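Visitor: I'll drop the sequence and a predicted model, then ask my questions.
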Amino acid sequence: MVVMRMKSPMRRNLQGSCDSSYIVSASLDKSIIYWDVSTGAPVRRLRSHAGGVRCVCFNEDSSIAISGGRDNAVMCWDIRTRRLDPVQVMKEARDCITTVATNENRIYAASLDGCVRTYDIRVGELTCDKVGEPITYLAQTLDEQCLVAGCQDSVVRLLDCETGGLLSEYRGHRGDDYHIECGILSNDAHIVTGSSDGDAFVYDLLEGKVLQRIRISDNGGVVHSLATHPKRQEMLFARRRDMYVFSTDLQIEEEQL
């Protein structure tokens, strides 16, 4: 593996638009901010959540922003207009929304109440799949057939999108009640997750075994956030105020930036 180390002054949940022209970000001050990338200036600030906003994402054409908050609500915002109120509010969850994700036909919302709620946009239906443990993060496989759910009991679970059934479990990392993110590499064959012990773990999706334990830092610290490259076998991890980029080569080198 090749590692690059970068300093990061803060952590905020955000996502870029499909043309990379705009960013939407969530904040614990109860707001969603829509940013212009070229100028670095906020285009508008959206407020309707009664608690801090925990997560945010764009739909496929980046015309709608979807947010989830500590007020247990999922909200949809039409950012093509200057409308400041959400176009739809969904309040079925009984605890904090930790992740919102979407594809062409569905919105997925994970909650600390232990459920994944699927909102089918085509037919206007809600499906609630109970995992039974607080869910701290949710990611889709690239083929959109499965969901990867990171849970507070130190288990990552693979769920079938159609049935909600449990397909596999991945154990070895530590959660320790932290909100730790997980994901899947671009080949849809390996699950990756952070850990509270300062490491990151790569699991085989089919067999469920640990393929690699990556030591992020000898100084410890929770590896709380990560992102996987959509095409290459590369991963980005965040720990405290640092970010680390890994490729999937076997040898490890480190560069101080």
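Guide: Looks like it came in fine.

Visitor: what about this structure, any weak spots by pLDDT?
Guide: 1-12, 248-257 (pLDDT under 70).

Visitor: now the strands for the stretch 101-250 of the chain?
Guide: Along the stretch 101-250 of the chain, counting by DSSP state E, counting those that start in this stretch, strands occupy 106-111, 115-120, 125-130, 135-140, 146-151, 155-160, 166-171, 182-184, 190-194, 199-204, 210-215, 223-228, 234-239, 242-247.

Visitor: Identify whichever of these lies nearest to R44.
Guide: strand 106-111 (21.7 Å; C-beta to C-beta). Bear in mind the C-beta positions are built from the backbone N, C-alpha and C, glycine included.

Visitor: Show residues contacting that closest one.
Guide: 66, 68, 72, 74, 76, 90, 93-102, 116-121, 134-138, 140, 147, 149, 161 (C-beta atoms under 8 Å, 6 or more residues apart in numbering).

Visitor: now do stretch 130-138
Guide: By C-beta under 8 Å, 6+ apart, stretch 130-138 touches 95, 98-99, 101, 108, 110-116, 147-153, 155, 157, 159, 166, 175, 178-182.

Visitor: what comes up buried for it?
Guide: By neighbour count with 16 or more other C-beta atoms under 10 Å, stretch 130-138 contains the buried residues V131, E133, P134, I135, T136, Y137, L138.

Visitor: Let's have those in TSV, adding distance to D204.
Guide: Shown next, in TSV, are these (distance: C-beta to C-beta, whole Å):
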residue	distance to D204
V131	21
E133	22
P134	25
I135	22
T136	22
Y137	20
L138	20
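
Visitor: from these, which single one is nearest A200?
Guide: Taking the buried residues of stretch 130-138 together and measuring to A200 by C-beta to C-beta, the closest member is Y137, at 13.6 Å.

Visitor: For the closest one, list each beta-bridge partner.
Guide: G150 (DSSP bridges).

Visitor: Just give the closest residue to L84, not the sequence neighbours.
Guide: L46 (6.2 Å; C-beta to C-beta, 6 or more residues apart in numbering).
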